[in-house]
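> here is my input, please return the structure:
(one chain, ligands or ions: 1)
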Amino acid sequence: MTAARDRYLAEIGIPVWRLRPVAAAGSAAEVAPAVDIAAAASAAGGSSDAAFGDSWSVLAATVRACTLCGLHGSRTQTVFGVGKRDARLFVIGEAPGADEDRQGEPFVGRAGQLLNAMLRAIGLPRSEVYIANILKCRPPNNRDPEPTESATCTPYLSQQIELVRPRVLLAVGRVSAQWLLQTDTPIGRLRGRVVSYGARNTPLVVTYHPAYLLRSPLEKAKAWNDLCLVKELLSQSP
Ligand code: SF4
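Now for the predicted structure:
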């Protein structure tokens, strides 16, 4: 264990003595049957992938101008996504909050800082991953996204994933995980294993939202196990 990793673990509030071996979190051999969100995407009604074009600039401009759901009326700006465009890890959150709406970037503020620390703990600085939300506009008062809003916006995320072609997806938080996997299963039962996502069968891992971890620090050890699983998957992929 390196001194740098110990420092990052301390930063996110995980005592070193509590760390478990990677195997305790599950292994890539436990891959579940594929979960495909094609049905959810096709329910989007209006924003088909074909309409996006195949370039980042076209996609970003399309999102910037989007008025496909009611959330456009209350946003300060859209929050497209940020990071390395050929990242090996793609982090997927739920929707922008107040800080994100103001700054135009996903996962900023205290929760964003914790996410950054969690990623650094597995050797991935924020600049090395791609980070985006399911919704590109902030729901009022940080309420959960409505299913119709998620269905409308998901094709933008699908196109981002298609452009990045990551080796591993990390769904962060209950809302993101349940939407992507189209399930009501509690997040505690979704995390700690690998599922196969989308047409490319990309391995997807679920973990807790850093905002939840800030409120429930005892869960950080489980999040660390999830991140170890991500690291293990990345080390197995070419
Ligand atoms: S949340 Fe998505 S679908 Fe709704 S207006 Fe914003 S970009 Fe468009």
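> ok but residue 72 is inside a helix, no?
Yes: under DSSP: H, G, I helix; E, B strand; the rest coil, residue 72 sits within a helix.
> right, and it touches residue 63 too?
No: counting by C-beta atoms under 8 Å, residue 72 does not reach residue 63; the two are 10.4 Å apart. From N, CA and C alone the C-beta is placed, and that goes for glycine too.
> these two - which one has more neighbours?
Applying other C-beta atoms under 10 Å to residue 72 and residue 63 shows that residue 63 carries more neighbours, namely 23 against 13.
> helices and strands around the strand or helix carrying the more buried one, which ones?
Assigned by DSSP states H and E, residue 63 belongs to helix 56-64. Applying 3 or more C-beta pairs under 8 Å, 6 or more residues apart in numbering; DSSP states H and E, one finds that helix 56-64 contacts helix 49-52, helix 147-164.
> need the ones you listed in a markdown table (columns: distance to the ligand).
Below are the helices and strands packed on helix 56-64 laid out as a markdown table (distance: least, C-beta to the nearest ligand atom, whole Å):
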| stretch | distance to the ligand |
| --- | --- |
| helix 49-52 | 12 |
| helix 147-164 | 3 |
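> weakest of those helices in terms of mean pLDDT?
Mean pLDDT values for the helices and strands packed on helix 56-64 show the minimum at helix 49-52, a mean of 42.
> still on that earlier bit, turn the helices and strands packed on helix 56-64 into TSV, columns for mean neighbour count.
Compiled in TSV, the helices and strands packed on helix 56-64 are given as follows (neighbours: other C-beta atoms under 10 Å):
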stretch	mean neighbour count
helix 49-52	14
helix 147-164	21
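> which parts of the protein sit against the ligand?
63, 66-69, 71-72, 78, 135-137, 149, 152-153 (C-beta under 6 Å from any ligand atom).
> the same query, at a cut-off of 5 Å, please.
Taking C-beta under 5 Å from any ligand atom as the criterion, the neighbours of the ligand within the chain are 66, 68-69, 71-72, 135-137, 152-153.
> among these, which ones are buried?
Among the residues of the chain next to the ligand, the ones that count as buried by 16 or more other C-beta atoms under 10 Å are 66, 68-69, 71, 135-137, 152-153.
> apart from its neighbours in sequence, what residue is nearest residue 149?
residue 69 (4.8 Å; C-beta to C-beta, 6 or more residues apart in numbering).
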